[in-house]
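Asks: Based on what follows, work out the 3D shape:
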Amino acid sequence: MIEPIPVEHERIFAFRLRGEVTREEMQPFLAELEELLREHGRIALLLELRDLKRVDPDAILEDTRFVLHHPQGLARIAIVGEAGWQHWTTLLLRPFISAPLRYFPQEALQQAWDWLEGAFVPRAGGIPEAQPYRHLLVAMDFSVNARLALERALHLAGHWQARVSLVNVVDLPLFVYDAPEDPLLPPPPPELEEEMTAQAEKRLAELRRQHADRIDQVQVLNGPTAERLLDWARDHEVDLILTGAHRHGRLDALLGSVSRTLVREAQCDVLAVRSDRPGYRKLLAPVDFGETSLLAVGRAADLARRCDADLTLLHVIDYFPEDVPMEWIVPEDMDPERYLTERAREALQRLSVPVETARLEREVVHAEYPAGQEIVRYADRTHSDLVVLPRRARKGLFHRIGHTTSTVLNRARCDVLVCIREATELP
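Replies: Got it, this is the predicted structure:
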């Protein structure tokens, strides 16, 4: 069985193969690919193998012929599988397929997507200039972290002459709504929500008075916190949400948090504020050469210029020494670590940062730990003030925060800016 997987990209298409795949199923699938090639000219494919029992040899032959007949149309093909024989089959097919072909295990699904995105990034340049922020929203719960987020918002707003709004959400305990007939605790008195709303309005008004005309709007909402904040941000054309961030413990990771929900669901960038440092002096932008990564680099470069800060572009060589892109295959007579490091440095040098950044460094590290942990360790070691990276959110198969981004959000000691802008904005 072959079924499409919905994803958000103009030229990357995903399909799931499960059970048995016959020649009769392969023919309409290839006809669909033919139509996609006519429409888009050049595409990349992600093929997820789930509980795949058997593929008809005639179906494999039809597929191989199709790829051979479209050497320029297929930019890259990623096979995401769950068995050793699938990996070895991919390796055996490589010599017969002109398009770059690479296998990824299920746990490396995000790396597969990032690799496919790299097919549509120009090797020289390719970093778009970030658009200025116009409206900043602070999720205000009156905690110490939320007040840090407010101070950060007021400081950053001056760089773009942006508006700053404060929103507090009065959110009664969940059991009051879910099981009023048998609550875990006695329900609060009816007037409690009104009293809490009045207190919140009073405290917001005081914050607005303290900061004179620097705060544009204040509002108190009622209901689920993250949902109300997301709705307000969308309705008021917010392009950056700032939220106080805590290090997540086991209970918080199990239940989720407002900050994590904002990052996962927001339609704009989200800044998780953890540091009380007065300004940004050292910015860190991890680069994997995918489209969303380059969008985040563009934002980091813009911030570095406006804040007069140092900027480091960091590439982490992960999954070494296996599963490297075909164009990075190590020659037999060269040391793999040295070769991959040189290739990564060359790729970083070819990136054209869209704004003048006086102090720009490019670093390559080999991963001893997963990429997210390496980024956190590097940020700690260099005393970075801010890490800027993409969300990696997708529909369907990819509707989640990328594992690397999630790790950095949870473990970084500094602020973390998650860029939500879609990869299709890249020219």
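Asks: For W88, give its distance to Y103.
Replies: Counting by C-beta to C-beta, to the nearest Å, the separation of W88 from Y103 is 9 Å. In this view, the C-beta of every residue, glycine as well, is placed from N, C-alpha and C.
Asks: More neighbours: which of those two?
Replies: Y103 (22 against 11; other C-beta atoms under 10 Å).
Asks: For the more buried one, give me phi and psi.
Replies: phi -100, psi 140 (degrees, to the nearest 10).
Asks: and what of the one 3 residues further on?
Replies: According to degrees, to the nearest 10, the main-chain angles of Q106 amount to phi -60, psi -40.
Asks: who's in contact with the nearest residue to it once chain neighbours are set aside?
Replies: Nearest residue to Q106 in three dimensions, chain neighbours excluded: E82, at 5.2 Å (C-beta to C-beta, 6 or more residues apart in numbering). If a contact means C-beta atoms under 8 Å, 6 or more residues apart in numbering, then E82 has L49, R50, P105, Q106 as its contacts.
Asks: Apply 10 Å and report the result again.
Replies: Residues near E82 by C-beta atoms under 10 Å, 6 or more residues apart in numbering: E48, L49, R50, D51, L52, P105, Q106, E107.
Asks: Could you do L283 as well?
Replies: 299-301, 303-304, 307, 309-313, 357, 359, 379, 384-388, 414-415, 417.
Asks: Just the ones in helices from the residues you listed, please.
Replies: Judged by DSSP state H, the contacts of L283 include R299, A300, A301, L303, A304, C307, A379 as members of helices.
Asks: picking up where we left off before, just the buried members of the contacts of L283?
Replies: Buried residues within these, defined by neighbour count using 16 or more other C-beta atoms under 10 Å: 299-301, 303-304, 307, 309-313, 357, 379, 384-388, 414-415, 417.
Asks: host element of N168?
Replies: strand 163-170 (DSSP states H and E).
Asks: now the helices for the stretch 1-150 of the chain?
Replies: For the stretch 1-150 of the chain, the helices defined by DSSP state H, counting those that start in this stretch cover 23-40, 57-69, 84-93, 109-117, 144-160.
Asks: any idea which of those is most buried?
Replies: Stretch with highest mean neighbour count among those: helix 109-117 (a mean of 23; mean count of other C-beta atoms under 10 Å).
Asks: Can you name the two of the ones in helices among the contacts of L283 that sit furthest apart?
Replies: A301 and A379 (17.4 Å; C-beta to C-beta).
Asks: Return the closest of the ones in helices among the contacts of L283 with respect to S259.
Replies: A379 (18.0 Å).
Asks: Can you show me the strands along the stretch 101-250 of the chain?
Replies: 101-105, 135-139, 163-170, 217-222, 240-244 (DSSP state E, counting those that start in this stretch).
Asks: Dump those to JSON lines, plus distance to L150 and mean pLDDT.
Replies: Shown next, in JSON lines, are those (distance: least, C-beta to C-beta, whole Å; pLDDT from 0 to 100):
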{"stretch": "strand 101-105", "distance to L150": "42", "mean pLDDT": "87"}
{"stretch": "strand 135-139", "distance to L150": "5", "mean pLDDT": "96"}
{"stretch": "strand 163-170", "distance to L150": "7", "mean pLDDT": "94"}
{"stretch": "strand 217-222", "distance to L150": "11", "mean pLDDT": "93"}
{"stretch": "strand 240-244", "distance to L150": "8", "mean pLDDT": "94"}
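Asks: returning to what we had before: now for the contacts of E82, which sits with the most neighbours around it?
Replies: Counting neighbours by other C-beta under 10 Å, E48 comes out on top of the contacts of E82 with 22 neighbours.
Asks: Identify the residues contacting that one.
Replies: By C-beta under 10 Å, 6+ apart, the residues touching E48 are 3, 5, 14-18, 78-82, 104, 106, 109, 112, 397.
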